[in-house]
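**Student:** give me a 3D structure for the following:
(2 chains)
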Amino acid sequence: MSEKERKVVIELKDVRRDFQVGSEVVHALRGVSFKIYEGEFVTIMGTSGSGKSTLLNQLGCLDTPTKGEYFLDGTPVRKMSKSQRAKLRNRKIGFVFQNYNLLPKTTAVENVELPLMYNSKYNAKQRREAAIKALQDVGLGDRLEHKSNQMSGGQMQRVAIARALVNNPAVILADEATGNLDTRTSFEMLVLFQKLHAEGRTIIFVTHNPDIAQYSSRNIMLRDGKIREDTQNYNILSAKEALDALPVNQDD
Amino acid sequence: MNFINLLKIALRAIANNKFRSFLSMLGIIIGVAAVIIMMAIGQGSKESVRKEISKQGTNVINIRPGADMRGGVRQDPSAMQTLKMSDYEAIYNEKKFITHVSPEVNSSGQAIYGANNTNASIYGESIDYFDIKQWNIEQGDCFTEEDIKKSAKVCVVGTTIVSELFPDGQDPVGKTIRFKSIPFRVVGVLKSKGYNSWGMDQDNVIIAPYTTVMKRILAQTYFSSFICSAITEEMTDDAINELTEILRRQHKLKEGDDNDFQIRSQQEMMETMSSTMDTITVILVVAAAFSLLVAGIGIMNIMLVSVTERTKEIGLRMSVGARGIDISNQFLIESIMISITGGLLGIIVGWLGTLICSSFGLPTAIPAWSIIVSFIVCTIIGIGFGYFPARKAASLDPIEAIRYE
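**Tutor:** This next block holds a predicted model:
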């Protein structure tokens, strides 16, 4: 597929973000431009303070650029109001957080239903059906009514991924999604992300762990608020193989 | 986000913190129950006073000497001596809208029979008095017109006097008691009336012909008041006009002069009493309402804690697409739910409390509007005190909220 035919999901044009800290201005992003196409699995890497989180907030429409323009699925975000951005997040973005952020004392299905609660197009029945389907997609079809405090870290993160999928978003934004998990579970998550990628979903995975880059299709390196490297990965490793190669857990 | 979803979320939040929600409800429950009980007692007392007054006849009219000077202006003692025998005769002869009239004088002192004595009031009345007051003689007879003419030393007595002076159960009729050392022959015993709503024992009385009390006890030529009854309650105003006309003519008052007497109907008395009871009720209710205010502050406090505690949840909801208004509605509905549930429970508790109060003999009546008002006030408290925490939640920055630890 040539680049022109592919649909651009995310486009950043010289995005800058300044923060006023006391009397000083901190330049967190100093002009970032890139395009992400539909079906890409991009890892965004960088050390602490490289502007990773700021970039993620921009991509997630949680924040707006000081300068420059951001188009999400063709929609310019910079001049949008807070509630317009909330609606955009609701329809176009699926978030996966490091610490899962599930609602406490709430079942898996109800957690996954959450984004659809803020979408008036879904009624209760449709919401539940969509949530069940999303949970089945992440392999939790048999854990629908388990409460968030009755699940393991891996299961909770699967619920969180299902929640990110349920609104059929243009892009899934994962923020250190394997950061709190052990090696085996991390690979299980990567297997899941690769599966979603194979199904044609667009995934952006923000991490400081360079190993993950090998399993994605593209790798963006940030340093000091600028893009240091932007490389295609033509040799994507299979997370499934890596998982199988792991020594069997002693506890099993 | 639709309303049903909001309700579900609010219910879930309340259910997740049952005890805390109950404690904040408790303030509302106590406040509403207090308001309802206070209103019920206020209303009940008012009704019992009205009943008490109307028991004495709603067509009763009182005439007192002296100008109508409310507000504590001191009057010349001679102003209190304006009701004379001639006035009584004029009313008695000319009455059209009035069925009965009795002049009144009274005194108090010690009544003695044998070794027993008691403090009592003596009222000098005409025979009409018993008709006006609808007061029957239970035992013996009433004194007669003849007795009045002759200023006879006879009397009828209340049941308290009987039990004080004749503790061994003797028949008092025919016995002679002494009042202020003057002997009175008891001719009858009045039916017991019990205590009135001012707490006065209505049976601790001796009633004698007015002429007797005037001449033999007080040695005066004027009356302390007249008591009359209009033909019907509706004719009270006509009766008052008639009485005013007669008395003004009798007293030779020129046009423009103030009356040197006051005429009060029982209806007016009732209104005065009602307005006094209303004032007391308002004071009671205001005191109770302060507890509602405090309860509202309690809810606000809990909601603020809840917002801080659920910062992360708010951040998550915002990141999956909740707008500020969705978040503020969520918290607002939660606080309204707490206050309305508290209000409903408070109404039930207030109702039970009222039942308990009336079982202790307090007069109570729950006015329907007090329930409606409580309900509305609770909703207002929920909105009013939930608004600030809800705004606080809505104004959180999702970026900071989601990473809040």
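
**Student:** can you show me the helices along chain A?
**Tutor:** A:52-59, A:82-92, A:108-117, A:124-137, A:153-165, A:183-198, A:239-245 (DSSP state H).

**Student:** to chain B, which of those lies closest?
**Tutor:** helix A:82-92 (2.4 Å; C-beta to the nearest C-beta). All C-beta atoms are positioned from the backbone trio N, CA, C, and that covers glycine.

**Student:** give the buried residues for the closest one.
**Tutor:** Within helix A:82-92, the residues scored as buried using 16 or more other C-beta atoms under 10 Å in any protein chain shown are A:K82, A:R85, A:A86, A:K87, A:L88, A:R89, A:N90, A:R91, A:K92.

**Student:** tell me the mean pLDDT over it?
**Tutor:** Across helix A:82-92, pLDDT averages out at 93.

**Student:** once you drop chain neighbours, what's closest to A:Q126?
**Tutor:** Spatially, and ignoring its direct neighbours in sequence, A:Q126 is nearest to A:L116 (7.7 Å; C-beta to C-beta, 6 or more residues apart in numbering or on different chains).

**Student:** for that neighbour, what are its contacts?
**Tutor:** A:Y122, A:Q126, A:R127, A:A130, A:A131, A:V166, A:N167 (C-beta atoms under 8 Å, 6 or more residues apart in numbering or on different chains).

**Student:** with A:T207 instead?
**Tutor:** A:T43, A:I44, A:M45, A:E176, A:A177, A:T178, A:G179.

**Student:** at 7 Å what do you get?
**Tutor:** A:T43, A:M45, A:E176 (C-beta atoms under 7 Å, 6 or more residues apart in numbering or on different chains).

**Student:** what of B:M270?
**Tutor:** B:R50, B:I53.

**Student:** and the pLDDT at it?
**Tutor:** On the pLDDT scale, B:M270 gets 77.

**Student:** could you do B:V73 as well?
**Tutor:** Taking B:V73 on its own, its pLDDT is 62.

**Student:** what about residue 43, how many neighbours?
**Tutor:** If you meant another chain, say so; for now it's chain A. 24 (other C-beta atoms under 10 Å in any protein chain shown).

**Student:** actually it's chain B I care about, not the one you picked
**Tutor:** 20.

**Student:** state the distance from it to chain A.
**Tutor:** Per C-beta to the nearest C-beta, to the nearest Å, B:Q43 is found 46 Å from chain A.

**Student:** what of B:F375?
**Tutor:** 29 Å.

**Student:** state whether that residue and B:G342 are indeed in contact, as I suppose.
**Tutor:** No - using C-beta atoms under 7 Å, B:F375 is not in contact with B:G342; the gap is 10.9 Å.

**Student:** who's more crowded, the two?
**Tutor:** B:G342 (30 against 16).

**Student:** double-check that one against B:I29; I have them as touching.
**Tutor:** Yes - using C-beta under 7 Å, B:G342 is in contact with B:I29, at 5.0 Å.

**Student:** can you list the contacts of A:T207 in CSV and add pLDDT?
**Tutor:** As requested, the contacts of A:T207 are exported to CSV (pLDDT from 0 to 100):
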residue, pLDDT
A:T43, 95
A:M45, 93
A:E176, 88
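
**Student:** including distance to chain B, could these go into JSON lines?
**Tutor:** JSON lines is the format used below for the contacts of A:T207 (distance: C-beta to the nearest C-beta, whole Å):
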{"residue": "A:T43", "distance to chain B": "21"}
{"residue": "A:M45", "distance to chain B": "19"}
{"residue": "A:E176", "distance to chain B": "11"}
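
**Student:** could I get these as TSV with distance to B:A219?
**Tutor:** Output for those, formatted as TSV (distance: C-beta to C-beta, whole Å):
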residue	distance to B:A219
A:T43	118
A:M45	118
A:E176	109
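
**Student:** closest to B:Q43 out of those residues?
**Tutor:** Nearest to B:Q43 among the contacts of A:T207: A:E176, at 65.9 Å, using C-beta to C-beta.

**Student:** isn't the closest one right next to A:Q98, touching?
**Tutor:** Yes - if you go by C-beta under 7 Å, A:E176 and A:Q98 touch, sitting 4.0 Å apart.

**Student:** just to revisit the earlier point, so which of the helices of chain A is nearest B:V154?
**Tutor:** Closest approach to B:V154 among these (C-beta to C-beta): helix A:124-137, 89.3 Å.

**Student:** and that closest one, what's its mean pLDDT?
**Tutor:** Mean pLDDT, computed over helix A:124-137, is 93.

**Student:** could you list the buried residues of it?
**Tutor:** Those would be A:R127, A:R128, A:A130, A:A131, A:I132, A:A134, A:L135, A:D137, for helix A:124-137 by 16+ other C-beta under 10 Å.

**Student:** what angle separates it from helix A:153-165?
**Tutor:** Interaxial angle, helix A:124-137 versus helix A:153-165 (axes from the mean of the first three to the mean of the last three C-alpha atoms, to 10 degrees): 130 degrees.

**Student:** so which residue of chain B comes closest to chain A?
**Tutor:** Counting by C-beta to the nearest C-beta, chain B gets nearest to chain A through B:G321 (2.4 Å).

**Student:** identify the residues contacting the nearest residue to that residue once chain neighbours are set aside.
**Tutor:** Distances taken as C-beta to C-beta, 6+ apart place A:N90 nearest to B:G321, at 2.4 Å, with adjacent residues excluded. Residues near A:N90 by C-beta under 7 Å, 6+ apart: A:P115, A:Y118, A:N119, A:N167, B:V320, B:G321.
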